[in-house]
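turn this into a structure:
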Amino acid sequence: MGGFIYSESSGLNNAIIGKKLAPVRAIISECVEAFQNASLIDKIFFMDKSKSWASNYTSETSLGGFQDVGEGGAFPQDSFQEGFDKTVQFRVWKDQFTVTKEMLDDANVGKIKSKSNMFAQAYGRGREGYAAALLAGGVGKTVKYKDKVYDTTSADGVPLFSAAHPSKTKGTKYTQSNLFKGVFSQTVMDQMQEKMQDFTDDDGNILSVMPDTIIIPNNAKLKRAVFAAVGSELDPDTNNNAMNFQLGLWNVLIWPYLPKQLAEGDYFMMADSDFLQTYMCLPFVDRVPLQVDSHIDENTWNTVFQGYARYGAGFNNWRGIAICGTGLSDGTALA
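As a prediction, the model looks like this:
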């Protein structure tokens, strides 16, 4: 989660007070680390750092490929150009909690620990919720999360999940889809896998996308269907003895922070984990790691802990991920 920085100010160097509050630092640090270990953000997003107010991401078209020029032939002219670009701006995130003077006087470690845990968990939940809201909101151009509206378009200007992604070199004359409509089944999964393997760059060159990850919300019925499809040795959809070639090919990520349904229907996402990282498809940028400072309120003598972080996410290259759902009416139909 980008680290953790703790500082003390406003008289907290007092030996007695500092000793009583020393566990707070350890509690927050351990809880943040625990959230980081369980986080799915870095399994889906490209984790990055920055020292600027924003970061810009882009893609490039592939080279056309080697050509047969015959013996002694000249090297062919081949070129690539920059694709669409996306700028990710960083948001400011803050929270605080208070340890009362009475808690310190009574050495009430239990309450102090509880408040520290809740503070660290709020940071982790907020981070996961923000990332999950953006991803699920990728079916549209914007998404609302905690009363703020965030951009969910990819670098080409259409939603991350769209049935008509334009080409930088050919415009809307050549479009591709990573938004599909269908009920999850092994057949639909097979078709979606094929569609992704056929993804091309803006010039129409095959990119060899190899989806290996399925992302779903915490939906009991969907979990049962997905694990049956990817974990059964035989075809789960028929009574014959056909071998299930999908066995062992998939890593299934269950992200509880995703909405259980989209457009009142079940859905699942499919991704190529290597492609997502190599092409920096979904950047999540830590500008400033979590910083925690503390001071004594002169009016109450309570100790106030305040947390500050700057991070942001956005969508650059859509080709590493796709979505399919029963309620996604604008998607390309799969059956």
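
what ranges does the stretch 51-200 of the chain have for its strands?
54-60, 82-89, 91-99, 142-145, 148-151, 165-167, 171-176, 179-181 (DSSP state E, counting those that start in this stretch).

what's the fourth one packed up against?
Going back to what we said before, that points to strand 142-145. helix 109-136, strand 148-151 (3 or more C-beta pairs under 8 Å, 6 or more residues apart in numbering; DSSP states H and E). C-beta here means a position set from N, CA and C on the backbone, and glycine is covered the same way.

export those to a markdown table and tack on distance to Ser294?
Shown next, in a markdown table, are the helices and strands packed on strand 142-145 (distance: least, C-beta to C-beta, whole Å):
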| stretch | distance to Ser294 |
| --- | --- |
| helix 109-136 | 11 |
| strand 148-151 | 27 |
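
of these, which stretch is the most buried?
Neighbour counts (mean count of other C-beta atoms under 10 Å) averaged over each of these peak at helix 109-136, with a mean of 18.

next one: it to chain centre, how far?
17 Å (C-alpha atoms, centre = their mean, to the nearest Å).

show me what that helix is packed against.
helix 15-38, helix 41-44, strand 91-99, strand 142-145, strand 148-151, strand 303-313.

just how off-centre is stretch 183-190 within its chain?
Offset of stretch 183-190 from its chain centre (C-alpha atoms, centre = their mean): 23 Å.

return the set of buried residues in it.
Buried residues in stretch 183-190, counted by 16 or more other C-beta atoms under 10 Å: Phe184, Ser185, Gln186, Thr187, Val188, Met189.

any idea how far Cys324 is from the closest residue to Lys181 other than its chain neighbours?
Excluding the flanking residues, the one nearest Lys181 by C-beta to C-beta, 6 or more residues apart in numbering is Gly331, at 3.8 Å. Gly331 sits at a distance of 7 Å from Cys324 (criterion: C-beta to C-beta, to the nearest Å).

now do Asp201
Distance from Asp201 to Cys324, by C-beta to C-beta: 23 Å.

looking at these two, which is more packed in?
Cys324 (27 against 21; other C-beta atoms under 10 Å).

show me what the more buried one bridges to in the sheet.
Under the criterion DSSP bridges, Cys324 forms beta bridges with Phe180, Phe268.

is it in contact with Ser177, as I believe?
No - look at Cys324 against Ser177 with C-beta atoms under 8 Å: they stay out of range, at 10.6 Å.

out of the strands of the stretch 51-200 of the chain, which comes closest to Ala34?
strand 91-99 (17.6 Å; C-beta to C-beta).

buried ones in that closest one?
Result for strand 91-99 [16+ other C-beta under 10 Å]: buried residues Trp93, Asp95, Phe97, Val99.

picking up where we left off before, quickly list what's touching both of Gly331 and Cys324.
Phe180, Lys181, Gly182 (C-beta atoms under 8 Å, 6 or more residues apart in numbering).

near the last one, how many other residues are there?
The one in question is Gly182. Using other C-beta under 10 Å, Gly182 has 21 neighbouring residues.

next one: phi and psi at the nearest residue to it once chain neighbours are set aside?
Of all residues not flanking Gly182 in the chain, Leu334 sits nearest, at 3.7 Å (C-beta to C-beta, 6+ apart). Backbone geometry at Leu334, expressed as degrees, to the nearest 10, gives phi -120, psi 140.

how about Leu334, what does it touch?
Leu334 touches Phe180, Lys181, Gly182, Val188, Gln191, Met192, Lys195, Cys324, counting by C-beta under 8 Å, 6+ apart.

quick one: which of those is nearest to Ser116?
Cys324 (41.7 Å).

let me have the strands of the stretch 51-200 of the chain in a markdown table, adding distance to Phe119 and mean pLDDT as columns.
Below are these laid out as a markdown table (distance: least, C-beta to C-beta, whole Å; pLDDT from 0 to 100):
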| stretch | distance to Phe119 | mean pLDDT |
| --- | --- | --- |
| strand 54-60 | 28 | 82 |
| strand 82-89 | 26 | 86 |
| strand 91-99 | 5 | 92 |
| strand 142-145 | 20 | 97 |
| strand 148-151 | 21 | 96 |
| strand 165-167 | 41 | 95 |
| strand 171-176 | 44 | 94 |
| strand 179-181 | 38 | 98 |
